[in-house]
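> Okay, predicted coordinates and the sequence, questions at the end:
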Amino acid sequence: MLKKVLIVSSVLISLISCSENNNNKNVLRLGVIPFENTEEITKNIAPLVEIISKGTGMEVKPFVASDYTGVIEAFRGKKIDVAFMSAASYVMANQEAGVDVILKSQRNGSAFYYSAIIVHKDSNINSLQDLKGKKFSFGDPLSTSGYIYPKKLLLENKINPDVDFSNILYSGTHDAVVLSVLNRKTDGGATFSEDKEGKKGSWFKYLKPEESAQIKVLGISDPIASDNICVSGTLDKKIAEKISKSLIDFGNTKEGKETMKKIYKFDGYVKAVDSDYDSIREAFKITGVALKDTIKKK
């Protein structure tokens, strides 16, 4: 039975230990994107941390960044070796820090997911066009399903978020977006969905059944290449291969499938290559999002 490692709050200050280049060749520094609140992240990644540690024979030190840009900057500063990334943040990290993608996640046998634009069920907003003049919540500016693809969907429907919304809130995480809509702090929001019908959206994960019933879906994006694991371009290829093998093998076991399904909401990992994310690059062009401009804003 997999021993579940509890990552205590001290890992939250592991940024300190990552602030210098890694001189300990037996330590693997792991960056984590903030897809939900930090406490939940540190709890949920524990099983994968243990699997990576066992597979590589190295001590794994997690680093939870404050946002997506923080992970990319950590790669640029050679402060981390491997990271869980979204599709959009990988593309940016590849462009700006020369990282390599090694694995991508699968949900129900598919290496894709979606972005959903949601509103409160009791609002008088019944179409994307009805969002004009309203308050809207995106996730992180480098979130694929929380910003890049919903912005693309809005632009394709002749809605320019920069001018057509009365106010934009960048909530940072998917659970925060969902809560902002549920509690009517914003009129609409963008988050992820595991299917194109919005029947397996993030609101079912973060809310109680009676609360998730208050969420209405206005639109679903094109398919998005799934989240991934990427490594520094300077990481030893043998170590990268050990990471890949350990996670793929774990996902092929009964215990691994159950663990990933229960905690991470996907089936496992498969090999990934850079060209898997060309559609994300095209979405960046359409939305006009650039990493350097995003960093300057922060």
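Arrived safely, thanks for sending.
> Can you give the domain ranges for this structure?
Structural domains assigned to the chain are 9-109+226-276, 112-224, following automatic domain parsing.
> Can you say which of those is nearest to residue 287?
Smallest distance to residue 287 across these (C-beta to C-beta): 4.7 Å, for domain 112-224. Where you see a C-beta, it was placed from the backbone N, CA and C, and this is true even at glycine.
> for the record, mean pLDDT for that closest one?
Average pLDDT, domain 112-224: 96.
> What's the end-to-end length of it?
Distance across domain 112-224, first residue to last, is 5 Å (C-alpha to C-alpha, to the nearest Å).
> mind checking which of the domains of the chain is nearest residue 285?
The nearest among the domains of the chain, by C-beta to C-beta, is domain 112-224 at 9.8 Å.
> Strands of the stretch 101-250 of the chain, start to end?
In the stretch 101-250 of the chain, the strands defined using DSSP state E, counting those that start in this stretch lie at 112-120, 135-138, 167-170, 188-193, 215-220, 224-225, 228-231.
> now, of the ones you listed, which is deepest in the fold?
Most buried of these, by mean neighbour count (mean count of other C-beta atoms under 10 Å): strand 188-193, with a mean of 28.
> about what we covered before: export the strands of the stretch 101-250 of the chain as a markdown table, with columns for distance to residue 77.
Output for the strands of the stretch 101-250 of the chain, formatted as a markdown table (distance: least, C-beta to C-beta, whole Å):
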| stretch | distance to residue 77 |
| --- | --- |
| strand 112-120 | 30 |
| strand 135-138 | 26 |
| strand 167-170 | 23 |
| strand 188-193 | 29 |
| strand 215-220 | 37 |
| strand 224-225 | 26 |
| strand 228-231 | 15 |
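> Nearest to residue 282, out of the ones you listed?
Residue 282 lies closest, by C-beta to C-beta, to one member of the strands of the stretch 101-250 of the chain: strand 224-225, at 11.1 Å.
> Please convert the domains of the chain to JSON lines, extending it with distance to residue 284.
Supplementary listing: the domains of the chain in JSON lines, determined by distance: least, C-beta to C-beta, whole Å:
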{"stretch": "domain 9-109+226-276", "distance to residue 284": "7"}
{"stretch": "domain 112-224", "distance to residue 284": "7"}
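> and of those, who's closest to residue 289?
Using C-beta to C-beta, those put domain 112-224 closest to residue 289, at 6.2 Å.
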